[in-house]
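In: need coordinates for the below:
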Amino acid sequence: MGIGVIGLGTMGTIHANNLATSIFGAGLVAVADPDPHRAEQVSLPEGAVHRFSDYRALLDAKGVDAVVVASSSTTHAEILQEVLMRHLPVLCEKPLAPSLQESVGVHEAFHRAGVPLQLGFMRRFDPAYVRAFEAIQAGVIGTVYHYSGISRDQFAPPLAVAQHSGGFFADTGVHEFDLARWLMGQEIVEVFVRGGVFVSDAYRDLGDVDQAHVSFGMDAGGLGLIELTRNAMYGYDIRTEILGSRGAIRIGVQPETGMTLLTETGVTGDHVLSYRDRFREAYREELQAFVRCLHQGLPVLVNSLDGIRTVAVAEAAKQSLAEGRSVEVTYDA
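Out: Got it, this is the predicted structure:
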């Protein structure tokens with residue numbers, strides 16, 4: 001199966017390299033990015049991969065059986081419309097579109113056409129989270145009732161990137177919202193958010209924040225707390241804990257090498273510095289799952305409806321922060 005990658009930023013490069021080296025049943029045949037220097041800088045097999053500046057040329061290229069969309073968030077809806085016109089299966093990085101209304105439109109169009117669309121919620125494919133999900137499904141910790149999540153980036157993205165990301169909740173928060181929905185088996189129905197700018201002052205001009213706390217309630221009575229941080233400085237830090245009636249499951253800080261140094265001056269260890277390192281295996285597994293589903297004619301494991309529901313929570317969170325009150329999450333659309 002030949003797969004093309006649209007957008008060669010950090011995420012597109014990760015997907016392109018995985019397709020070129022480690023995905024069974026598929027291979028990288030084309031890449032597209034409006035910046036020609038990006039395509040030149042990506043380490044790809046010589047002669048085997050076509051390079052385009054216009055993503056439409058990639059979609060029309062011979063040998064492209066499916067695509068990965070990893071361009072900036074604000075371009076997803078437009079590109080997905082072109083992908084759908086060619087009936088190509090697609091793995092799209094979140095979000096589907098900048099707004100809930102646009103996301104619903106994308107979902108309905110792909111659903112009517114019967115074209116597979118997988119969302120890039122890679123944490124669902126991380127081995128630690130997969131084991132946690134399986135343990136919860138097996139009833140190991142009883143009835144789950146509380147979700148706790150910490151999501152800390154080492155540094156805030158540049159303003160040029162942030163202004164096209166859809167905002168803190170649509171860009172970063174959706175991963176936590178999706179994890180909570182998936183692990184708890186419930187939908188988030190109400191959110192209350194506090195936040196502010198503590199390090200990246202320029203974010204004030206975007207009307208955004210670099211620190212936020214999200215408290216939420218779920219439709220089956222579950223509760224949750226999420227901390228979102230853009231400037232942890234020390235590294236990339238993802239932690240999750242699920243509390244149940246018979247115990248808890250914790251996915252904790254993962255050091256880069258597991259090395260701890262003990263000297264007379266103190267005890268020190270290392271930290272994972274980026275999401276590329278922490279979720280290296282998850283990125284490969286989500287692509288492998290996408291390819292496996294296409295080969296076997298199975299539904300994708302994370303679909304556009306999952307994307308819509310997380311965008312709905314993100315919009316409610318943004319409203320809550322702006323208005324300083326609890327906001328109901330609306331799923332009417």
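In: could you point out the longest helix of the protein?
Out: helix 304-323 (DSSP state H).
In: name every sheet partner of the helix or strand following that helix and say whether each one runs parallel or antiparallel.
Out: Counting by DSSP states H and E, the element after helix 304-323 in chain order, helix or strand, is strand 327-328. Using DSSP bridges, the strands paired with strand 327-328 are strand 188-196 (antiparallel).
In: next SSE downstream of the strand it pairs with?
Out: Counting by DSSP H and E, what follows strand 188-196 is strand 211-218.
In: list the helices and strands the next helix or strand along the chain from that following strand packs on?
Out: Beyond strand 211-218 on the C-terminal side, the first helix or strand identified by DSSP H and E is strand 223-229. Judged by 3 or more CB pairs under 8 Å, 6 or more residues apart in numbering; DSSP states H and E, the packing partners of strand 223-229 are strand 144-152, helix 174-184, strand 211-218. Quick note: C-beta positions are derived from backbone N, CA and C, even for glycine.
In: can you list the strands that strand 223-229 pairs with?
Out: When DSSP bridges is applied, strand 223-229 pairs with strand 144-152 (parallel), strand 211-218 (antiparallel).
In: buried ones in the next helix or strand after that strand?
Out: Using DSSP H and E, the helix or strand that follows strand 223-229 in sequence is strand 237-244. Under the neighbour-count criterion of 16 or more other CB atoms under 10 Å, strand 237-244 has 237-238, 240-244 buried.
In: quick one: average pLDDT of stretch 14-30?
Out: Averaged across stretch 14-30, the pLDDT comes to 94.
In: okay, how far is it across it, tip to tip?
Out: End-to-end distance for stretch 14-30: 14 Å, by CA to CA, to the nearest Å.
In: what sits up against it?
Out: Applying CB atoms under 8 Å, 6 or more residues apart in numbering, the external contacts of stretch 14-30 come out as 1-5, 8, 31, 42-45, 48-52, 58, 61, 63-64, 66, 68, 70, 91, 276, 283-284, 287-288, 291-292, 295.
In: buried sites along it?
Out: 14-20, 23, 26-30.
In: and what of stretch 51-65?
Out: Within stretch 51-65, the residues scored as buried using 16+ other CB under 10 Å are 51-52, 55, 58-59, 64.
In: wait, which of those residues is closest to Pro98?
Out: Tyr55 (17.9 Å; CB to CB).
In: that closest one contacts Val68, doesn't it?
Out: No: taking contacts as CB atoms under 8 Å, Tyr55 lies outside contact range of Val68: 11.2 Å.
In: now for those two: what residues contact both?
Out: Ile6.
In: kindly present the buried residues of strand 237-244 as TSV, with separate columns for pLDDT and distance to Val161.
Out: As requested, those are exported to TSV (pLDDT from 0 to 100; distance: CB to CB, whole Å):
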residue	pLDDT	distance to Val161
Asp237	91	20
Ile238	93	20
Thr240	97	25
Glu241	97	30
Ile242	97	32
Leu243	98	35
Gly244	97	38
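In: could the residues you listed go into JSON lines alongside distance to Ser200?
Out: Shown next, in JSON lines, are the buried residues of strand 237-244 (distance: CB to CB, whole Å):
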{"residue": "Asp237", "distance to Ser200": "17"}
{"residue": "Ile238", "distance to Ser200": "20"}
{"residue": "Thr240", "distance to Ser200": "25"}
{"residue": "Glu241", "distance to Ser200": "28"}
{"residue": "Ile242", "distance to Ser200": "31"}
{"residue": "Leu243", "distance to Ser200": "32"}
{"residue": "Gly244", "distance to Ser200": "37"}
